[in-house]
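In: how would this look folded up:
(chains A, B, C and D)
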2 protein chains.
Amino acid sequence: MLDERKLAVLRAIVEDYVRTHEPVGSKALVDRHSLGVSPATIRNDMAVLEDEGFIAQPHTSAGRIPTDKGYRLFVDRLSQVKPLSPAERRAIESFLAGAVDLDDVMTRSVRLLAQLTRQVALVQYPSLSTSSVRHVELVPLTGHRLLMVLIADTGRVEQRVVEIPAPFEEEALARLRTQLNEAVAGRRFTAVAEGIADLAERFAPHERPSVGVVLATLLETVVERHEERIVLGGTANLARYLDGFAGLQPVLEALEEQMVLLRLLGQTGADAVTVTIGHENPVAGMSATSVVSAGYGPSRGTVARLGVVGPTHMDYPSTMASVRAVARYLGHLLRNE
Amino acid sequence: MLDERKLAVLRAIVEDYVRTHEPVGSKALVDRHSLGVSPATIRNDMAVLEDEGFIAQPHTSAGRIPTDKGYRLFVDRLSQVKPLSPAERRAIESFLAGAVDLDDVMTRSVRLLAQLTRQVALVQYPSLSTSSVRHVELVPLTGHRLLMVLIADTGRVEQRVVEIPAPFEEEALARLRTQLNEAVAGRRFTAVAEGIADLAERFAPHERPSVGVVLATLLETVVERHEERIVLGGTANLARYLDGFAGLQPVLEALEEQMVLLRLLGQTGADAVTVTIGHENPVAGMSATSVVSAGYGPSRGTVARLGVVGPTHMDYPSTMASVRAVARYLGHLLRNE
DNA sequence: GAATGGCACTCCCGCGCAGTGAGTGCTAAC
DNA sequence: GTTAGCACTCACTGCGCGGGAGTGCCATTC
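Out: Next up, the predicted model:
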C-alpha cells in the first residue's frame, strides 16, 4: 500500500514543510529532492497519501501539508534522532556544570533546553514520591512554631512551618529529631508512613499532641503533596511560531497550570523520548502543538520528566536529540550531587 | 494654559480610550460625557492638548489617543485610586489565607494579582538584604558534605550544599551550629560579616579549614547572592491586549530575565504605588507597556516589591487599587508568619 | 501497469479603484 | 470664547481582475 517511494515522498513533505511552513507542491518536491521521477508521478503518490490521511490540502489547488497522522508516521518510522554537534554537547556540559544547588540546576536546564530547541521548555523537579528521605531537620522558630526541613536524596528540599499545641523542651526536640531520622532516613517517601506509625507512643503523654502534629505534617508533605513543581522557560519562542497568534492565548493559559503541564509531560515513567503530536495531546486548546519529553533520574529509573512544547511542524529529529541529551546530562548530574 | 475643561477633556479621552482601545473623536466625546459644549470647542481644546504633547493622532483625520505624557498627567493629577469592591477585598483575604509556606504565599499572590488586574503580575520574594537571620541549620549529608539551611525572619529559606575539606565530629558540628547561631541570629544580613569575623579562631586548628568553608558559604549566601527571585503569572493576559502581536516577543523575552524584572519593579524602597509609563520604562522593547508597582513588607519599611505589567492604555485607577491592596495584605501576612 | 507529458481547471493572493464615513482644521458668525 | 458650517483627509471596505502555483485527469510511452 505504501511503498518505499511514497514513504520517501512523505518524508520529503515533512522536511520541506518544517523548513518553510508553507504547503509543498509536487514540482517543488522533485526540484529539491532527487526523487528520480516526474511531478506527475509524485502527484499520484500524493493522492494516495492524502486518501490514507497522512497529508492534507489547506484548500484545492494548494500544496500539501502533513497531518498529525503524517507526523506520527514520520516520527515512528521515517526519521532518525539527529546526533548533536560537538559544540552543542559542550554547551550542555558547560551550561549545567556551574550549578550551585537544585534550584539552580533546574533553572539552568530549562534555559538550556529552550535555547537548544528554540521552543518552550519544561523541567519537572525530581519527584518526591519516587525518591527517598535523606534527612529531616526540626528548627524551633518561636515557642509554638517549628520549621520542618525535609531533604530528599535528589537534593530537593521541602520546608514547612508546623504549629504545635505545646512547646518542646530542648531535650525533647533533640530526641524527636533523632528518632524521626532513625525512623525515616533512607526510606522511600511512599514508605514513610509505616516508619513513623508507632513513634508517638515513645513520647511522654504531654508531648504527644505536638509530636502528633509534626508527624502529621511530615506525612502530608511526603504523601498528599504530590503536586510536583515544574519550571518552564522560553515562552518567548511561542511568539515566533504561532504566527496566526489566534492560538496563542489558550497555550499561554495552559502553560500556567501546573496540573496541565504534568499531563503534558505524561506520567509514564519511561526513560525513552516520547512524542505527542497535535490531537494526541490530552489538553484542549493545544491541538496545534506537539510535546517531546523524556524521563530522567539519577539511576536507570525515572524520577521526573522534562520536555519541550512546540508547533506540530517542528524539527522532530533535532528536538528529540536535544531533549534526550539534556535528560541524560541531568541524570548524571543528579547522580553526583 | 490648561484650564479645567481641557483637563476634563484629557480625562475623558483617557477613560474612553482605555475602554475602547480606539482613537476617540470630538463628537463621540460630547456624546458620552456631558461636557456642556459643542464638538467644535472640544476640537479646539484637543488641538491645544496635542500641541502640548498630551495626545496624538495615529494619522490625520483620525481621533486622538493619549501619549505617555498624557497618561502621566492623568495618573498624577486627574485620577483617584478607585476603592476595591467588598467582594474583591474578600477575595484577596480568602485567597491568601490558606497559604502553607512562603512559596505558597508567593504563588498565590501572583495568581491573585494577575486575576484581579487581568494583567501580568510580578511578585518579588522578600529581599534577603533587608531582612535578618532567624536561624542557621547545619545538616551532615555525607562525610564531606553539609547542607546549610538559612532561615530569614521573612520566612524565606535558602539552602546550600557545602563541600568541606575534612568531616566534622558530631560534637564539633553541634558546637559550630550553636556558636554560629549565637553570632548571627537576629542580625541583619548586611551585618552578618561582622558577627562571624572571629569565629574560626575558636575552633581547633584541624577544624578550621572546614569551619572556614562553612563561614565563606554563609557569607556568599547573604551577601553575594543579591539576585532576588521573582515569580510571575498571568502571561496569558499578554495575548489579550497586545493585539498587534508584533510587540509580544520582546515583552515575553523581557519577562524571562530576572534582572530585567528587577529593573521593572524598581529598586526604590518606597511603599507607595509607583507608576511607570511607556517610555519612562528602563527596558527596551517595553515602551508600549506600563508598570504599576508597590513595596511591601512586614513593617513600615519595604522588603520587596510587587506589581503588574500591562499596556499603557490600562485602567490605572483600578490597577493601582489592586496592587496597593495586595501589597498591604501581603505585608500583614508576613507580620503574622 | 507504472511513469510521464500535456492540459484544463481551481482558487489563493495581490493590486488598483471607487465609495463611505469618521474626524479634522479653518473661517465666519454669534 | 463658543459655535455652526464646510471642505478636506484618509483609513477601511468591497469588488473585479489577472497572475501563478498547484492539482486532477487522460492519453501516451516504455
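In: rest of the way, CA atoms for contacts and neighbours
Out: Noted.
In: Tell me the buried residues in the longest helix anywhere in chain A?
Out: Scanning chain A for the helix with the most residues, using DSSP state H, yields helix A:316-336. For helix A:316-336, a neighbour-count test (16 or more other Cα atoms under 10 Å in any protein chain shown) marks A:316, A:318-331, A:333-334 as buried.
In: Same check on stretch A:210-224?
Out: A:Ser210, A:Val211, A:Gly212, A:Val213, A:Val214, A:Leu215, A:Thr217, A:Leu218, A:Leu219, A:Thr221, A:Val222, A:Val223.
In: dump the residue contacts of the fifth one.
Out: It refers to A:Val214. A:Val162, A:Ile164 (Cα atoms under 8 Å, 6 or more residues apart in numbering or on different chains).
In: With the third one instead?
Out: When contacts are counted by Cα under 8 Å, 6+ apart, A:Gly212 is found next to A:Ala200.
In: From DNA strand C, how far off is A:Gly307?
Out: Using Cα to the nearest atom of the strand, to the nearest Å, A:Gly307 is found at 33 Å from DNA strand C.
In: Kindly report the residues of the stretch 1-150 of chain A close to chain B.
Out: A:Val100, A:Asp101, A:Arg134, A:His135, A:Glu137, A:Val139, A:Leu141 (Cα under 8 Å from any Cα of the partner chain).
In: wait, the second one sits on B:Val161?
Out: Yes - proximity of A:Asp101 to B:Val161 meets the contact threshold set by Cα atoms under 8 Å, at 6.9 Å.
In: These two - which one has more neighbours?
Out: Using other Cα atoms under 10 Å in any protein chain shown as the criterion, A:Asp101 and B:Val161 rank with B:Val161 on top: 21 against 14.
In: residue contacts, the nearest residue to the more buried one once chain neighbours are set aside?
Out: Spatial nearest neighbour of B:Val161, chain neighbours left out: B:Leu147 (4.6 Å); criterion: Cα to Cα, 6 or more residues apart in numbering or on different chains. Neighbouring residues of B:Leu147 by Cα under 8 Å, 6+ apart: B:Leu138, B:Val139, B:Pro140, B:Leu141, B:Gln159, B:Arg160, B:Val161, B:Val162.
In: just checking, B:Leu147 is part of a helix?
Out: No - with DSSP: H, G, I helix; E, B strand; the rest coil as the criterion, B:Leu147 is strand rather than part of a helix.
In: quick revisit: pick out the most distant pair among the buried residues of stretch A:210-224.
Out: Among the buried residues of stretch A:210-224, the pair separated by the greatest distance (Cα to Cα) is A:Ser210 and A:Val223, at 19.9 Å.
In: can I get the residues of the stretch 1-150 of chain A next to chain B in TSV with secondary structure and pLDDT?
Out: Formatted as TSV, the residues of the stretch 1-150 of chain A next to chain B follow (DSSP: H, G, I helix; E, B strand; the rest coil; pLDDT from 0 to 100):
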residue	secondary structure	pLDDT
A:Val100	coil	74
A:Asp101	coil	77
A:Arg134	strand	82
A:His135	strand	84
A:Glu137	strand	83
A:Val139	strand	81
A:Leu141	coil	76
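In: What subset of these is buried?
Out: A:Arg134, A:His135, A:Glu137, A:Val139.
In: which two in the residues you listed are spaced the farthest apart?
Out: Longest span within these, Cα to Cα: A:Arg134 and A:Val139, 16.6 Å.
In: so what does the longest helix of chain A touch, helix or strand wise?
Out: helix A:86-97, helix A:102-117, strand A:289-296, strand A:304-311 (3 or more Cα pairs under 8 Å, 6 or more residues apart in numbering or on different chains; DSSP states H and E).
In: in its sheet, what does the last one sit against?
Out: Paired neighbours of strand A:304-311 in the sheet (DSSP bridges): strand A:120-124 (antiparallel), strand A:289-296 (antiparallel).
In: Output that strand as CSV, restricted to C-alpha atoms.
Out: The C-alpha coordinates for strand A:304-311 follow below in CSV (Å, rounded to 0.1, in the frame of the first residue of the first chain):
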residue,chain,number,x,y,z
ALA,A,304,10.9,13.1,36.8
ARG,A,305,10.4,14.3,33.3
LEU,A,306,11.4,17.2,31.1
GLY,A,307,10.5,18.2,27.6
VAL,A,308,9.6,20.9,25.2
VAL,A,309,6.3,22.2,23.7
GLY,A,310,6.3,23.4,20.1
PRO,A,311,4.3,23.5,17.0
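In: tell me which parts of chain A are close to DNA strand C?
Out: Selection of chain A residues close to DNA strand C by Cα under 7 Å from any atom of the strand yields A:Gly36, A:Val37, A:Ser38, A:Pro39, A:Ala40, A:Thr41, A:Asn44, A:His59, A:Thr60, A:Ser61, A:Ala62.
In: Return the closest of these with respect to B:Asp76.
Out: Nearest to B:Asp76, judged by Cα to Cα, of these is A:His59 at 54.7 Å.
In: Can you get me a residue count around that closest one?
Out: 8.
In: Which helix or strand contains it?
Out: In the assignment (DSSP states H and E), A:His59 maps to no helix and no strand.
In: need the contact list for it.
Out: Here A:His59 is in contact with no residues (criterion: Cα under 8 Å, 6+ apart).
In: Could you check how far it is from DNA strand D?
Out: A:His59 is 9 Å from DNA strand D, by Cα to the nearest atom of the strand.
In: do you know how far that residue is from chain B?
Out: Distance, A:His59 to chain B, using Cα to the nearest Cα, to the nearest Å: 26 Å.
In: what does A:Thr235 give?
Out: In terms of Cα to the nearest Cα, A:Thr235 sits 7 Å off from chain B.
In: Pretty sure that residue sits against B:Leu252.
Out: Yes - between A:Thr235 and B:Leu252 a contact is recorded at 6.6 Å, counting by Cα under 8 Å.
In: These two - which one has more neighbours?
Out: A:Thr235 (23 against 20).
In: What residue in the stretch 1-150 of chain A comes nearest to chain B?
Out: A:Asp101 (6.4 Å; Cα to the nearest Cα).
In: Please name the nearest non-neighbouring residue to that residue.
Out: B:Arg160 is the one closest to A:Asp101 (Cα to Cα, 6+ apart), at 6.4 Å.
In: Next up, the contacts around the residue nearest to A:Leu330 when sequence neighbours are not counted.
Out: Spatially, and ignoring its direct neighbours in sequence, A:Leu330 is nearest to A:Tyr296 (6.9 Å; Cα to Cα, 6+ apart). Neighbour list for A:Tyr296: A:Asp271, A:Thr302, A:Val303, A:Ala304, A:Arg305, A:Leu306, A:Ala327, A:Arg328, A:Leu330, A:Gly331 [criterion: Cα under 8 Å, 6+ apart].
In: Return the member of the residues you listed nearest to DNA strand C.
Out: A:Leu306 (36.4 Å; Cα to the nearest atom of the strand).
In: so who does the nearest residue in space to the closest one that is not next to it in sequence touch?
Out: Setting aside the residues directly before and after it, A:Leu306 is nearest to A:Val123 in space (Cα to Cα, 6+ apart), at 4.3 Å. Applying Cα under 8 Å, 6+ apart, we find A:Val123 in contact with A:Met106, A:Ser109, A:Val110, A:Ile230, A:Val231, A:Leu232, A:Arg305, A:Leu306, A:Gly307.
In: What about those, which one has the most neighbours?
Out: Of the contacts of A:Val123, with other Cα under 10 Å as the count, A:Gly307 tops at 33 neighbours.
In: Can you get me a residue count around the residue nearest to that residue when sequence neighbours are not counted?
Out: In this structure, A:Gly307 finds its nearest non-sequential neighbour in A:Ser293, 3.8 Å apart by Cα to Cα, 6+ apart. Other residues near A:Ser293 number 29, with proximity taken as other Cα under 10 Å.
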